[in-house]
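Q: From the sequence below, what's the structure:
(3 chains)
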Amino acid sequence: MDVSYILDQLNDAQRDAVTADSPGTLVLAGAGSGKTRVLVHRIAWKIKVEGLSPYSIMAVTFTNKAAREMRGRIEELLGSSLQGGMWVGTFHGLAHRLLKAHAREAGLPENFQILDSDDQLRLMKRIHRELQLDDSRWPPRQSCYFINGHKDEGRRSAHIDDPGGDLYLQTMLKVYRRYEEICQQQGVIDFAELLLRALELWRDNPAVLAHYQQRFKHVLVDEFQDTNAVQYAWLRILAGNGMPITAVGDDDQSIYGWRGARIENIQQFSKDFADTRIIRLEQNYRSTGTILSAANAVIKNNSQRLGKELWTSGEDGEPITLFAAFNEQDEARFVTDRIDELLRQDYRRADIGILYRSNAQSRVLEEALIRSGQPYRIYGGQRFYDRLEIKNALAYLRLIALRDDDTAMERVINTPTRGIGNRTVEMLREYARDHQLSLWQSAMAMIQNGALTARAGNALRGFLSLVEDLAEQCSDQSLDEQVDLVIDKAGLIAFHQKEKGEKGQARIENLQELVSAARSFTPEDPDADLLREFLDQAALDAGEQQADEHEDSIQLMTLHSAKGLEFPIVFMVGVEENLFPHKMSMDDPARLEEERRLAYVGITRAEQQLFLSYAESRRLHGQENFNSLSRFIREIPNDLINEVRINNTVTRPSSFASGNIAAQAAADCGIALGQRVLHSFFGAGTVLSFEGQGASARVQVNFEDEGSKWLVLQYANLELL
DNA sequence: GAGCTACGTTTTTTT
DNA sequence: AACGTAGCTC
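A: Sure thing, here's the model as predicted:
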């Protein structure tokens, strides 16, 4: 059998990583070194050469996107479909699959539901109300953090030491206990619980564990640096006894410490898995020499590193451009102006990525892109399935699937408003608590025994029969017809039609989008209950931004969601102290290093050209902020950077920083920043900045009538005003 | 009980 | 700036 196609076109280190037959294999893969490729080819190697069945392979990733991509590329390489045989998925997805198969052993009801972060927060608010905690002193969100943090470390409330006189811990513990109680009673589990239960399932049920230890002959883990304590323990319990395991990761790209990821796991790996072979992939196929030098220069300021230096056999390429903007508007204009230029060259919009630290920054950029008529696509941000209107529709579906789902019931009992007010709901809650019933059961009971006023009782009865009727009508319908039925008959469409502005229209469109998502939904397990599968997927998967995926558009996203992606052109905006590094992370050295890794991730997304920008004044949360250039950018050697400034004080003296030279050239013509000038064709304007050197020195002028333009200084014939 | 207004709070990153 | 909550009026 000819298997050369698996190894052709790989470099030595990659080939090593693909064929290694050590029990443990740790691949330290730098950015752009062909990490996914190695994983995919290694799996193909296991199947085609070593003869493993896809059924006996488990491959774990962190995002659904990565899982999909891996599956697709394996199938492409093998030329056949994997179908359901191989376990490819996220930690959360696989844990969920496991718990569904062994619900009873895991101590869960067969029809347990997933509680997403929004549901979790709502539940927490309810608990705080019940425990009579003042929300301003005890923010519900903080309780969520507390609980999730402990769960990520594998600690349940019972594992936490007696807090003694510590009021904070006492309170948190009380909340944690009550939270566990309610979740168990309602049969719902949050994200962290998914992982923890899966771990406990294997730990406490040797027979179940043995089954999987027999089944799997090889485990592969992507983005290993992002595993948290529970995920690591889960892998260890499965593969710690000699099952071959391959971990691929990059300690320099660990950016999820804030949600429990433990970079130490990567160092721990060779201790816990016997005979581990470590293979480094350091040749980068993505970026120019200049970009790599910058990335290396930044990351070398971190202390805790396994050590790795990227190199390329390619060209140095263009210098990095750094733009100092007046404010965030000016910054956005810089980005769109450059994009216009790039598109006039041979670039497509999809070649351009705009990366920012926090989602709040996207607005200004979006507005500027709309103004300049550029289609764009935002990754991440609010997930499709997290939108209010979608969650409402899903809540109805959940009630249809399971009447006792209190979270769903709370959500839509009075949405759209139907005369069931706070008072009534409060009585329901009380009754449910006293009688250990679900809200649904309590509602039925209270109607029965006439504990409600006629008005409230009628309204409540109306709601119950609405849901029952819907369930009835849905029973023999296809999934998309069910969704369609629900959003129509529950009055959600009408509800949003009444909303003023364009918002309601957008929401209706999203609801229709949900119908088509249901139409094209294909369950992993064709025998399972379709509606439930759909609801599960909605909780675990962000829901791909379906809008115009194939249109050529500019890509906007946070630095976090950019990990794993690459673009010929990258704009990293808002490289300012307090924003990046974020001010929440500046006091803690460990978190500061994580921010630096984030900078490293951002820089290494760029293939050919990298544009950095910062604003001297930035309006954020309605307040003006004055920040200086990010320390991370100051760590990049000056000779890699072409600096464009808006005022005369060039604070980065460098023999190569051509901002100086351009300014010098301009000064020779008598032009200074802020200078009013007159152009024979464009009219009057103000000089904004300079760039380039010698004959290509250019000047940016903001014309009163024409907007801002770049002009080659030599030919512009500007008249001073 | 619904709906409006005023006020206060909050803002990192996400499976 | 945007959202959520509290309190007020109908």
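
Q: Can you report how many residues neighbour the nearest residue to A:Tyr379 once chain neighbours are set aside?
A: Spatial nearest neighbour of A:Tyr379, chain neighbours left out: A:Met557 (3.8 Å); criterion: CB to CB, 6 or more residues apart in numbering. Where C-beta positions appear, they are placed from N, C-alpha and C, glycine not excepted. By the measure other CB atoms under 10 Å, the count of residues near A:Met557 is 21.

Q: A:Ala606 now?
A: By the criterion of other CB under 10 Å, A:Ala606 has 29 neighbours.

Q: if I pick it, what's in contact with it?
A: A:Ser287, A:Ile291, A:Glu566, A:Phe567, A:Pro568, A:Ile569, A:Val570 (CB atoms under 8 Å, 6 or more residues apart in numbering).

Q: Reformat these as a markdown table; add pLDDT, secondary structure and neighbour count.
A: Formatted as a markdown table, the contacts of A:Ala606 follow (pLDDT from 0 to 100; DSSP: H, G, I helix; E, B strand; the rest coil; neighbours: other CB atoms under 10 Å):
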| residue | pLDDT | secondary structure | neighbour count |
| --- | --- | --- | --- |
| A:Ser287 | 95 | coil | 27 |
| A:Ile291 | 96 | helix | 29 |
| A:Glu566 | 93 | coil | 16 |
| A:Phe567 | 95 | strand | 23 |
| A:Pro568 | 96 | strand | 17 |
| A:Ile569 | 96 | strand | 23 |
| A:Val570 | 96 | strand | 28 |
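
Q: that older thread, for the residue nearest to A:Tyr379, list each beta-bridge partner.
A: Counting by DSSP bridges, A:Met557 is bridged to A:Leu355.

Q: From DNA strand C, how far off is it?
A: Using CB to the nearest atom of the strand, to the nearest Å, A:Met557 is found at 19 Å from DNA strand C.

Q: can you pull the pLDDT of that residue?
A: A:Met557 carries a pLDDT score of 91 in this model.

Q: go on, A:Ile390?
A: pLDDT for A:Ile390: 88.

Q: Do I have it right that it meets A:Leu514?
A: Yes - in this structure A:Ile390 lies within contact range of A:Leu514 using CB atoms under 8 Å: 5.7 Å.

Q: ok so, going back, so the residue nearest to A:Tyr379 is in contact with A:Gln361, correct?
A: No - judged on CB under 8 Å, A:Met557 makes no contact with A:Gln361 at a distance of 10.8 Å.

Q: Switch the contacts of A:Ala606 over to TSV; also include distance to A:Leu235.
A: Shown next, in TSV, are those (distance: CB to CB, whole Å):
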residue	distance to A:Leu235
A:Ser287	31
A:Ile291	34
A:Glu566	28
A:Phe567	32
A:Pro568	36
A:Ile569	38
A:Val570	33
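
Q: quick one, what contacts the most centrally placed residue in chain A?
A: Nearest to the mean C-alpha position of chain A, by CA atoms, centre = their mean, lies A:Ser561 at 4.6 Å. Counting by CB under 8 Å, 6+ apart, A:Ser561 touches A:Tyr379, A:Gly380.

Q: To which secondary structure element is it assigned?
A: Assigned by DSSP states H and E, A:Ser561 falls within helix A:559-562.

Q: what's the domain layout of chain A?
A: As given by automatic domain parsing, the domain ranges for chain A are A:4-102+A:196-283, A:113-186, A:320-384+A:542-720, A:387-498.

Q: okay if I get those as a markdown table plus distance to A:Gly307?
A: Output for these, formatted as a markdown table (distance: least, CB to CB, whole Å):
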| stretch | distance to A:Gly307 |
| --- | --- |
| domain A:4-102+A:196-283 | 9 |
| domain A:113-186 | 28 |
| domain A:320-384+A:542-720 | 14 |
| domain A:387-498 | 44 |
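
Q: Which of these has the lowest mean pLDDT?
A: Across those, domain A:320-384+A:542-720 gives the lowest mean pLDDT, at a mean of 79.

Q: and that one, anywhere near DNA strand B?
A: Yes - for domain A:320-384+A:542-720 and DNA strand B, the contact criterion (CB under 7 Å from any atom of the strand) is met by A:357-360, A:380, A:383, A:542, A:558, A:560-561, A:582, A:584-585, A:591, A:621-622.

Q: got it, and stretch A:92-107?
A: Yes - using CB under 7 Å from any atom of the strand, stretch A:92-107 reaches DNA strand B at A:His92, A:Gly93.

Q: closest point of the stretch 451-600 of chain A to DNA strand C, which residue?
A: Residue nearest to DNA strand C within the stretch 451-600 of chain A: A:Lys503 (8.5 Å; CB to the nearest atom of the strand).

Q: count of residues packed around that residue?
A: For A:Lys503, using other CB under 10 Å, the count is 11.

Q: Next up, the contacts around it.
A: By CB under 8 Å, 6+ apart, A:Lys503 has no neighbours at all.

Q: Remind me which helix or strand A:Ile189 belongs to.
A: A:Ile189 is part of strand A:188-190 when elements are defined by DSSP H and E.

Q: Tell me the strands beside that strand, with direction?
A: Take DSSP bridges as the rule and strand A:188-190 pairs in its sheet with strand A:113-115 (parallel).
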